[in-house]
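S.K.: coords please:
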Amino acid sequence: MMPYLSCDGYKICHKNLYPPGTEFIYSNATARKSRVEDQNEIVVFGIQYFVQKYIIDDWNKNFFSLPIEDAVEKYKRIITNYLGADAASTSHLEYLHNLEYLPKNLQVLPEGTLCPIGVPFMTFVNTDPKCFWLTNYLETISQTVTWLPITSATSAYRFKKMLNYWAEETSSCPEFVQWQGHDFSLRGMSSFESGCVSGAAHLLSFNGTDTIPAIMFLEEHYGADCTKELIGGSVPASEHSQEQSYYQEGVDNE
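M.R.: Model (predicted):
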């Protein structure tokens with residue numbers, strides 16, 4: 001995938017729509033509202049993964065490490081057949097390729113922070129005046145990648161608060177809460193990556209999980225180490241296929 005085309009189509013022409021002389025664009029990422037009436041904050045999570053995979057690795061592998069002719073030709077071919085030849089100018093990409101890095105500064109609240117809704121959790125600004133177009137060019141991919149981990153981390157935190165409350169009210173073992181919010185969601189996600197990201201977000205609040213890849217995700221992107229700390233755990237368990245394999249005719253199989 002070409003990272004310089006991982007955006008909404010309307011953003012391609014924006015470099016020509018800012019006022020002449022524009023040098024810096026400063027933008028922010030903010031959770032604007034919640035559909036849950038009393039949910040007034042979000043859990044910040046997934047930013048480090050987004051930066052590592054989609055800002056550093058993806059751009060280095062699929063843009064900066066390519067010969068400039070290859071990178072430009074791929075862009076021109078897609079855009080010419082998408083918006084027309086007049087929209088396929090590449091001087092801005094050629095300049096960026098010669099820089100050999102993305103001239104962009106991101107400032108982010110520490111991951112795990114409870115951020116009030118309406119307050120920016122991440123800001124963006126270009127650091128090279130010729131790359132003012134880059135700031136909002138990366139908006140699409142940043143929202144695509146960070147929405148799920150933030151939403152899942154916030155949901156898990158909300159469930160954890162609810163379980164903690166009722167554990168204090170009704171239980172003599174409130175520490176069981178860490179295992180009662182158990183994650184079985186991997187097979188129900190939109191993609192394997194979604195399952196890893198969402199499962200990792202869940203582990204910010206709980207220890208119980210059957211999403212093994214979430215453990216590896218946290219080791220790869222967040223420096224966790226399952227040999228030194230409890231990241232997530234489960235128990236050996238059966239499923240319907242084993243239970244039903246013992247079926248006997250004429251016997252109460254319950």
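
S.K.: buried sites along stretch 150-162?
M.R.: Ile150, Thr151, Ser152, Ala153, Thr154, Ser155, Ala156, Tyr157, Arg158, Phe159, Lys160 (16 or more other C-beta atoms under 10 Å). C-beta: built from backbone N, CA, C; applies to glycine.

S.K.: in helices only, show me those.
M.R.: Ile150, Thr151, Ser152, Ala153, Thr154, Ser155, Ala156, Tyr157, Arg158, Phe159, Lys160 (DSSP state H).

S.K.: make TSV from those residues and add pLDDT and distance to Lys104 to it.
M.R.: Formatted as TSV, those follow (pLDDT from 0 to 100; distance: C-beta to C-beta, whole Å):
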residue	pLDDT	distance to Lys104
Ile150	98	20
Thr151	97	24
Ser152	97	26
Ala153	98	24
Thr154	97	26
Ser155	96	30
Ala156	97	30
Tyr157	97	29
Arg158	96	32
Phe159	96	35
Lys160	96	34
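
S.K.: ok, the buried residues of stretch 150-162 vs Val251, which is closest?
M.R.: Phe159 (40.1 Å; C-beta to C-beta).

S.K.: burial check on the closest residue to Tyr82 other than its chain neighbours, number of neighbours?
M.R.: Among residues not flanking Tyr82 along the chain, Gly9 sits closest, at 6.6 Å (C-beta to C-beta, 6 or more residues apart in numbering). Neighbour count of Gly9, defined by other C-beta atoms under 10 Å: 12.

S.K.: what's the distance between Thr22 and Pro174?
M.R.: Thr22 is 55 Å from Pro174, where distance means C-beta to C-beta, to the nearest Å.

S.K.: and those two? Which one has more around it.
M.R.: When neighbours are counted by other C-beta under 10 Å, Thr22 and Pro174 differ, and Pro174 comes out ahead with 15 against 12.

S.K.: pLDDT averaged over stretch 127-136, what's the number?
M.R.: Model confidence over stretch 127-136, given as mean pLDDT, is 97.

S.K.: export it to CSV, keeping only CA atoms.
M.R.: Extracted in CSV, the C-alpha atoms of stretch 127-136 (Å, rounded to 0.1, in the frame of the first residue of the first chain):
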residue,chain,number,x,y,z
THR,A,127,8.1,21.4,10.7
ASP,A,128,9.0,22.4,7.1
PRO,A,129,7.2,25.4,5.7
LYS,A,130,7.1,23.7,2.2
CYS,A,131,5.2,20.8,3.7
PHE,A,132,2.2,22.6,5.2
TRP,A,133,0.0,20.4,3.1
LEU,A,134,1.2,17.3,5.1
THR,A,135,-0.5,18.1,8.4
ASN,A,136,-4.1,17.4,7.4
